[in-house]
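Colleague: sharing a sequence plus its predicted fold:
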Amino acid sequence: MSATARVFQTTLVGRELVAERTMSFRFDKPADWEYRAGQSIDMTLLDPPETDAEGNLRPFTISSAPRENVITITTRLRDTAFKRVLQTVPFGTEVKIEGPFGDFKLHRAARPAVLLAGGIGITPFRSILVETIGGGSLPYRVVLFHANRRPEDAAFADELRALERKDPNLTFVPTMTAMADSAQPWDGERDHIDAAMLARHLGGVVDPIYYVAGPAGMVQALRTMLVASDVNEDDIRTEEFSGY
């Protein structure tokens, strides 16, 4: 499928809180615009009611799947003018989009995939899994680890569990690293993603390709951990999220 970058204007059509302090924003998708699951866009606010030193342009990974009829971005709600404007402007407000960009996609080879996401780094994996499973099933085993501080912070958790039930090739391993701050019960993993956690859940997963998405520090730490565990650097694909 072609996915050539272009510039166009579109309108805000919806927004939804998908976790505490995390919101999805939906925009009209032009009928002639295409992208691949896992790609990103640059979004510019047009004549916003307020701005600040960070400006009116932000890069976002697209959290919707190409088979869905909207362009969705999902972001933490930091206290910036850009985020305040997105939360308050009326539906129908126009924005400028440039893209798509990037090549963060599942491989074609018949090898398993291990997906490691931190916080809002889940967005490309949500797009990839909804697109692939929505079209049939995963072509090989995929194990998705998603680290958050608390269940309250975990975007798309219910949807990912539903995808796991739908496709036997998908295993979803959420982990919460600050349950002392949570009001919800939790009986799953409670540690940061590390070699020991991978070993607990990757029995029978032979020669996988690893995909890592999240804050830059986490991505770098997980890459270092994987290389120290004798994973070939050519088998590690990364996407860093900064300033989200």
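Modeller: Thanks, I have it. Residues are numbered from 1 along each chain as shown.
Colleague: so where does Phe82 fall, helix or strand?
Modeller: helix 81-88 (DSSP states H and E).
Colleague: what comes up buried for the helix or strand following that helix?
Modeller: Beyond helix 81-88 in the direction of the C-terminus, DSSP H and E gives the next helix or strand as strand 94-101. Along strand 94-101, the positions that meet the burial threshold by neighbour count (16 or more other C-beta atoms under 10 Å) are 95-97, 99-101. C-beta coordinates here come from the backbone N, C-alpha and C atoms, glycine included.
Colleague: before we move on, what about stretch 97-116?
Modeller: Along stretch 97-116, the positions that meet the burial threshold by neighbour count (16+ other C-beta under 10 Å) are 97, 99-102, 104-106, 112-116.
Colleague: quick revisit: need the max-distance pair from the buried residues of strand 94-101.
Modeller: Val95 and Phe101 (16.4 Å; C-beta to C-beta).
Colleague: how long is stretch 26-42 end to end?
Modeller: Stretch 26-42 stretches 15 Å from its first residue to its last (C-alpha to C-alpha, to the nearest Å).
Colleague: ok so, going back, need the CA coordinates for the helix holding Phe82. PDB is fine.
Modeller: Output in PDB follows, covering the C-alpha atoms of helix 81-88 (Å, rounded to 0.1, in the frame of the first residue of the first chain):
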ATOM      1  CA  ALA A  81      -1.000  25.300  25.300                       C
ATOM      2  CA  PHE A  82      -1.200  22.700  22.500                       C
ATOM      3  CA  LYS A  83      -2.800  20.100  24.700                       C
ATOM      4  CA  ARG A  84      -5.200  22.600  26.300                       C
ATOM      5  CA  VAL A  85      -6.400  23.800  22.900                       C
ATOM      6  CA  LEU A  86      -7.000  20.200  21.700                       C
ATOM      7  CA  GLN A  87      -9.100  19.500  24.800                       C
ATOM      8  CA  THR A  88     -11.300  22.700  24.500                       C
END
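Colleague: which SSE is the nearest residue in space to Asp207 that is not next to it in sequence in?
Modeller: For Asp207, the nearest residue in space outside its immediate sequence neighbours is Arg111; the separation is 5.6 Å by C-beta to C-beta, 6 or more residues apart in numbering. For Arg111, there is no helix or strand it lies in under DSSP H and E.
Colleague: the closest residue to Thr132 other than its chain neighbours - how many residues pack around it?
Modeller: Counting by C-beta to C-beta, 6+ apart, Leu138 is the residue found nearest to Thr132 once chain neighbours are left out, at 5.7 Å. Under the neighbour criterion other C-beta atoms under 10 Å, Leu138 is assigned a count of 18.
Colleague: OK, contacts around Leu138?
Modeller: With contacts taken as C-beta atoms under 8 Å, 6 or more residues apart in numbering, Leu138 has the following neighbours: 129, 132, 167, 169-170.
Colleague: among those residues, which two are most distant?
Modeller: By the measure C-beta to C-beta, the contacts of Leu138 have their two most distant members at Leu129 and Asn169, which lie 10.4 Å apart.
Colleague: overlap in contacts, these two.
Modeller: By C-beta under 8 Å, 6+ apart, the residues touching both Leu129 and Asn169 are 138, 142.
Colleague: more neighbours: which of these two?
Modeller: A count of neighbours by other C-beta under 10 Å puts Leu129 above the other of Leu129 and Asn169, at 27 against 16.
Colleague: helix/strand/coil for Asn133?
Modeller: Rather than Asn, residue 133 is Ile. Judged by DSSP: H, G, I helix; E, B strand; the rest coil, the three-state class of Ile133 is helix.
Colleague: Val95 bridge partners, please.
Modeller: Beta-bridge pairing for Val95 (DSSP bridges): Thr10, Leu45.
Colleague: distance check, it against Arg76.
Modeller: Taking C-beta to C-beta, to the nearest Å as the measure, Val95 and Arg76 are separated by 19 Å.
Colleague: do the same with Glu98
Modeller: On the measure of C-beta to C-beta, Glu98 and Arg76 end up 22 Å apart.
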